[in-house]
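1. Provided below for reference: sequence and predicted model.
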Amino acid sequence: MKNKKFIGDSWFYTNFKKHYCPICNEKLVVKKISRVVNSKSLEAKNYDFSLGDSFLVGDVEFFYNVFCCSKCNKQYSIQEMKRIEKQRIL
């Protein structure tokens, strides 16, 4: 497989801000996850296959960061964690 793409979220948000599990309040760690998605599959609608002025075709390996809790083994996407933390403030 030659097609790879990193789905980048805020580098500062994932690396310099402390985040805690909403279930057990354990400090979360950042892990890089990968997923192979075919551009013609139903799942492809959830991913961006654009690459500059062209598009990736076929199997593409997407890399992205998630927050993981070592105590309760729960994973949170960056978007999910931002939503949870925003609700805590309100």
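-> Sure thing, it's come through.

2. burial of Ser39, as a residue count?
-> 15 (other C-beta atoms under 10 Å). In short, each C-beta sits where N, CA and C put it, glycine included.

3. Now for the protein, the helix or strand with the poorest mean pLDDT.
-> Within the chain, confidence by mean pLDDT, DSSP states H and E is lowest for helix 11-15 among all helices and strands, at a mean of 80.

4. So which elements touch it?
-> Judged by 3 or more C-beta pairs under 8 Å, 6 or more residues apart in numbering; DSSP states H and E, the packing partners of helix 11-15 are helix 78-89.

5. Run through who's touching the helix it packs on.
-> Counting by C-beta atoms under 8 Å, 6 or more residues apart in numbering, helix 78-89 makes contact with Asp9, Ser10, Tyr13, Thr14, His19, Pro22, Leu28, Tyr64, Asn65, Val66, Phe67, Tyr76, all of which sit outside it.
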